[in-house]
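> coordinates only, no sequence provided:
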């Protein structure tokens with residue numbers, strides 16, 4: 001054990017009181033009960049370390065203590081074979097040796113005092129006891145970065161809460177809501193009896209069940225007009241003859257957000273809720289509307305009802321207001337970007353539908369392709385257009401011209417709705433991006449085979465693709481070619497990795513944030529220096545391992561499994577990505593851009609929690625890049 005123990009190896013009552021006030025300024029102690037904080041302090045002893053003195057190293061074996069840095073600074077240095085030596089710096093309030101103490105293995109880092117340091121040494125044996133009795137302490141040890149993220153989200157939610165129109169979060173578990181008891185009947189019930197029940201109970205639907213639990217269909221008020229009244233159907237007809245089948249359901253553990261997405265995607269207004277397969281309630285579009293006055297279903301319904309550009313422009317503004325409200329609720333970046341992307345999809349699809357009708361296009365003959373962040377369902381508020389168009393083989397040149405005119409009109413209409421034209425011309429109206437299926441196959445094949453710098457750039461945009469409207473089957477051969485061929489050509493993966501590693505995380509050798517100074521502001525670009533680096537790494541690993549997922553969060557989880565890294569490590573990647581995305585959204589929604597860049601922040605304006613988690617997140621980004629370097633570049 002290095003360092004000199006202080007004279008008092010046990011903590012007096014007055015000392016505990018003074019230390020408690022200090023340590024409760026940082027996580028996890030700020031969330032812990034005073035008695036548990038006191039337990040930590042009473043079990044700890046203080047040690048002093050002189051400048052440049054080694055505190056802990058791999059050669060010391062499994063650590064016997066958790067170290068709480070009470071005063072001073074500590075540097076951590078990792079020497080990983082095959083990559084440059086990396087370092088980071090810890091400040092007062094930091095806990096270290098957590099992972100190694102947990103796993104009973106030596107640390108992988110050499111910790112040294114930068115200046116005069118005082119540390120509280122908390123025995124690992126006592127750590128197990130405190131972990132059992134204090135949930136905040138246990139949660140923090142399991143995933144420190146997640147604990148910081150929760151703290152950051154709370155602060156962010158509070159800052160936007162006054163703007164939020166929502167009365168209850170879309171993250172609410174359906175089982176925690178006041179679900180209505182569903183009205184049910186059997187398949188043989190005459191329509192007259194079923195309609196009488198709907199009228200008497202003043203509900204919008206009736207479920208058709210066998211054995212009172214097995215749902216076989218549903219009849220809603222909206223069905224009655226088209227299927228019964230206008231068809232002049234005999235009211236003695238069994239309800240099974242007119243009911244809708246294939247009823248969508250959710251469980252009590254699903255969220256209100258999932259209910260809204262399902263209703264919007266399938267244009268339905270009622271969802272039965274199950275608990276372990278047993279019918280326990282039903283939720284309607286109106287119920288969700290009461291949770292969120294500007295609701296997902298409300299906006300998507302308005303989009304689908306819009307029949308001109310002016311109506312769609314209003315809906316686009318509603319999407320941005322909706323996003324601000326959700327951020328005020330504390331909705332996570334993953335959910336928020338998925339909701340934004342979904343509503344943008346609905347708006348774009350409606351615009352394509354209206355425009356295709358004017359051009360008399362057969363939607364089975366083409367597909368509108370979403371690329372980049374839209375292709376990954378990760379759109380933020382400030383997003384330009386990245387799209388393309390594929391059409392069936394056999395079309396003549398005259399038809400190609402029509403597709404280009406159609407695409408130009410859609411691109412310009414999206415621009416009018418607040419989705420700017422792509423400065424790099426990555427749009428379907430570009431003749432180079434409006435191609436037949438075979439032309440796209442040839443192009444993808446050439447990009448993978450040649451792998452020159454321009455091709456690598458295109459691969460990073462075009463290989464995150466999905467069909468947004470039209471015939472999605474046209475993209476199946478393209479996705480399959482990428483999945484099979486990219487993994488089979490190591491040179492292509494290596495070039496992608498080298499290209500991705502040209503961009504570096506804004507951390508200095510000691511692991512401190514290294515911003516760019518502009519007019520007295522200390523600037524970090526959260527996209528170019530953060531999320532984009534994670535997106536690139538996740539894509540490269542997915543291509544190398546034939547992973548079909550396109551969404552970055554899903555890719556990171558699948559990559560962690562493919563690389564056989566500890567689950568806590570891949571979870572930390574995801575959490576870091578989540579935080580960086582959340583900060584981008586906060587900047588964009590608050591419209592506090594710097595030099596017109598919607599992805600930049602002045603780190604001097606961050607609170608202490610956000611500054612800490614920003615550094616933690618960037619360290620995770622750098623660790624992911626180091627994985628990439630070890631696997632494909634050295």
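Received, thanks. Here the structure is a predicted model, which means the values were calculated and not measured.
> use CA for all of it now, contacts and neighbours both
Noted.
> got the contact list for residue 264?
For residue 264, the residues meeting the contact criterion (Cα atoms under 8 Å, 6 or more residues apart in numbering) are 296, 297, 300, 301.
> secondary structure element holding it?
When elements are defined using DSSP states H and E, residue 264 is found to belong to helix 256-266.
> residue contacts, residue 68?
93, 94, 95, 96, 119, 120, 121, 122.
> which element is it on?
Since the elements are taken from DSSP H and E, residue 68 ends up inside strand 65-71.
> over to residue 62: give its phi and psi.
Backbone torsions for residue 62, taken as degrees, to the nearest 10, come to phi -60, psi 130.
> low pLDDT regions in the protein?
Regions of the chain meeting the criterion pLDDT under 70 cover residues 1-15, 79-88, 142-171, 230, 289-295, 327-333, 382, 591.
> give me the domain ranges for it.
Under automatic domain parsing, the residue ranges defining each domain of the chain are 4-142, 174-291, 331-477, 499-632.
> in TSV: those domains, plus distance to residue 492.
Output for the domains of the chain, formatted as TSV (distance: least, Cα to Cα, whole Å):
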stretch	distance to residue 492
domain 4-142	21
domain 174-291	37
domain 331-477	6
domain 499-632	9
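> for residue 323, which of these is the nearest?
domain 331-477 (6.9 Å; Cα to Cα).
> off-centre distance for that closest one?
Taking the mean of its C-alpha atoms, domain 331-477 sits 22 Å from the chain's own mean (Cα atoms, centre = their mean, to the nearest Å).
> hey, where'd the strands end up in the stretch 201-350 of the chain?
Counting by DSSP state E, counting those that start in this stretch, the stretch 201-350 of the chain has strands at residues 205-210, 214-220, 250-251, 270-275, 278-284.
> which stretch among the ones you listed comes nearest residue 353?
Comparing the strands of the stretch 201-350 of the chain by their distance to residue 353 (Cα to Cα), the top pick is strand 270-275, with 25.6 Å.
> what does that closest one contact?
Strand 270-275 is contacted from outside by 174, 182, 205, 247-252, 259, 263, 279-285, using Cα under 8 Å, 6+ apart.
> try it again at 6 Å.
Strand 270-275 is contacted by residues 249, 250, 251, 252, 280, 281, 282, 283, 284 when judged by Cα atoms under 6 Å, 6 or more residues apart in numbering.
> which one of those residues sits closest to residue 66?
Comparing the contacts of strand 270-275 against residue 66 with Cα to Cα places residue 252 closest, at 40.2 Å.
> count the neighbours of the residue lying closest to the closest one once chain neighbours are set aside for me.
When the adjacent residues along the chain are set aside, residue 252 lies closest to residue 175, with 4.2 Å between them (Cα to Cα, 6 or more residues apart in numbering). The number of residues packed near residue 175 is 18, by other Cα atoms under 10 Å.
> shouldn't residue 175 be in contact with residue 250?
No - in this structure, residue 175 is not within contact of residue 250 by Cα atoms under 6 Å, at 10.3 Å.
> reformat the contacts of strand 270-275 as CSV; add neighbour count and distance to residue 621.
Output for the contacts of strand 270-275, formatted as CSV (neighbours: other Cα atoms under 10 Å; distance: Cα to Cα, whole Å):
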residue, neighbour count, distance to residue 621
249, 17, 38
250, 21, 36
251, 21, 35
252, 20, 36
280, 18, 44
281, 20, 44
282, 22, 43
283, 23, 41
284, 20, 42
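> looking at the domains of the chain, spot the one closest to residue 488.
The closest of those to residue 488 is domain 499-632. By Cα to Cα, the value is 7.9 Å.
> geometric centre of this structure: which residue is closest?
When Cα atoms, centre = their mean is applied to the chain, the residue found nearest the centroid is residue 334 (2.3 Å).
> what's the distance between that residue and residue 383?
Note on residue 334: its distance to residue 383, by Cα to Cα, to the nearest Å, is 16 Å.
> list the contacts of residue 479.
With contacts taken as Cα under 6 Å, 6+ apart, residue 479 has no neighbouring residues.
> one more time with 8 Å
With Cα under 8 Å, 6+ apart as the criterion, the residues that contact residue 479 are residue 463.
> so after the strand or helix carrying it, what's the next helix or strand?
Residue 479 is part of helix 476-488 when elements are defined by DSSP H and E. Next along the chain after helix 476-488, taking DSSP H and E as the criterion, comes helix 490-500.
> the helices in the stretch 301-450 of the chain, which residues?
Ranges of helices within the stretch 301-450 of the chain are 309-329, 333-358, 372-375, 397-416, 437-450, based on DSSP state H, counting those that start in this stretch.
> hey, where'd the helices end up in the stretch 1-150 of the chain?
Listed in chain order, the helices of the stretch 1-150 of the chain (DSSP H, counting those that start in this stretch) span residues 13-23, 34-43, 98-103, 124-133, 135-142, 144-161.
> burial measure for residue 429, as a count.
So residue 429, with other Cα under 10 Å, has 22 neighbours.
> and for the one 3 residues further on?
The tally of other residues near residue 432 (other Cα under 10 Å) stands at 14.
> tell me who's in contact with it.
When contacts are counted by Cα under 8 Å, 6+ apart, residue 432 touches no other residue.
> mind checking how far it is from residue 387?
Distance from residue 432 to residue 387, counting by Cα to Cα: 12 Å.
> repeat that for residue 555.
Residue 555 sits 21 Å away from residue 387, taking Cα to Cα as the criterion.
> beta partners for residue 122?
Going by DSSP bridges, residue 122 is paired in beta bridges with residue 66.
> if you tally nearby residues, what's the number for it?
Residue 122 sits with 20 neighbouring residues when counted by other Cα under 10 Å.
> for residue 225, same thing?
Residue 225 - counted by other Cα under 10 Å - has 12 other residues nearby.
> now residue 566
The burial metric for residue 566, expressed as a neighbour count using other Cα under 10 Å, is 10.
> residues contacting it?
Listed by Cα under 8 Å, 6+ apart, the contact partners of residue 566 are residue 560.
> coming back round to it: now the helices of the stretch 301-450 of the chain as TSV including distance to residue 514?
Shown next, in TSV, are those (distance: least, Cα to Cα, whole Å):
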stretch	distance to residue 514
helix 309-329	28
helix 333-358	25
helix 372-375	27
helix 397-416	36
helix 437-450	35
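> winner for burial among these?
Most buried of the helices of the stretch 301-450 of the chain, by mean neighbour count (mean count of other Cα atoms under 10 Å): helix 372-375, with a mean of 24.
> so what touches that helix?
Surrounding helix 372-375, the residues in contact under the criterion Cα under 8 Å, 6+ apart are 341, 369, 379, 386, 460, 461, 462, 464, 465, 466, 550, 551.
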